[in-house]
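A.B. asks: need a 3D model of the following:
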Amino acid sequence: MNPIQRIQEWNELAGTSQELNLEKLELYVKLIEEEHQEWREAYLDYKADPSTENLSHLLKEVADKIVVETGFTHCLGVSQSEVLEAVNDSNYSKFPMFVDADQVNSMVSDASSKYGYAITIEVATGTFPPRIILRREDGKILKPNTYKEADLSKVIQKKNND
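C.D. replies: You can find the predicted model right below:
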């Protein structure tokens, strides 16, 4: 059983229903905000003192966020694994395959126009064919013109058919 399945099993054992109402939605918003605040505090502790103890606490808080957010998707009646798979497919579309210099120039031009600032371009050579990566100055990976939004329609349709 993978960690996501264990979290879903925990929610079933806890009696977490998959019927979402406004009250439960508000509860999950509150829980997610609380977990985010706890993560933020752990991050600041680690930033001030990068000890093993603080790193352990930071990792625990990251995991708690994942647990609560997975519980939220459980309440929505959808599979977190399937949601993550769709989002991963979308994220991989940020790394188009390198074809030729014209393609690269077009992507850089489109991205520069869209984002309005300098962009770093990299070629990831660990794959074949190589893939192009566009980055913002601070390292954030940008969406090139090949980017495709996550398609969650199948996940939602499966939920509606159950």
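
A.B. asks: what's downstream of the longest helix that the chain contains, the next helix or strand?
C.D. replies: When the chain is parsed with DSSP state H, its longest helix is helix 22-48. Where DSSP states H and E defines the elements, the next helix or strand beyond helix 22-48 is helix 52-76.

A.B. asks: what average pLDDT does the longest helix of the chain get?
C.D. replies: Mean pLDDT, computed over helix 22-48, is 95.

A.B. asks: can you tell me which residues contact the nearest residue to residue 73 once chain neighbours are set aside?
C.D. replies: Setting aside the residues directly before and after it, residue 73 is nearest to residue 80 in space (Cβ to Cβ, 6 or more residues apart in numbering), at 4.4 Å. Every residue, glycine included, has its C-beta placed from N, CA and C. Residues near residue 80 by Cβ atoms under 8 Å, 6 or more residues apart in numbering: 4, 7, 8, 69, 70, 73, 74.

A.B. asks: adding distance to residue 92, neighbour count and pLDDT, write these out as JSON lines.
C.D. replies: What follows is the contacts of residue 80, written out as JSON lines (distance: Cβ to Cβ, whole Å; neighbours: other Cβ atoms under 10 Å; pLDDT from 0 to 100):
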{"residue": "4", "distance to residue 92": "19", "neighbour count": "19", "pLDDT": "84"}
{"residue": "7", "distance to residue 92": "24", "neighbour count": "20", "pLDDT": "87"}
{"residue": "8", "distance to residue 92": "25", "neighbour count": "20", "pLDDT": "84"}
{"residue": "69", "distance to residue 92": "21", "neighbour count": "18", "pLDDT": "92"}
{"residue": "70", "distance to residue 92": "22", "neighbour count": "23", "pLDDT": "90"}
{"residue": "73", "distance to residue 92": "21", "neighbour count": "22", "pLDDT": "89"}
{"residue": "74", "distance to residue 92": "26", "neighbour count": "23", "pLDDT": "86"}
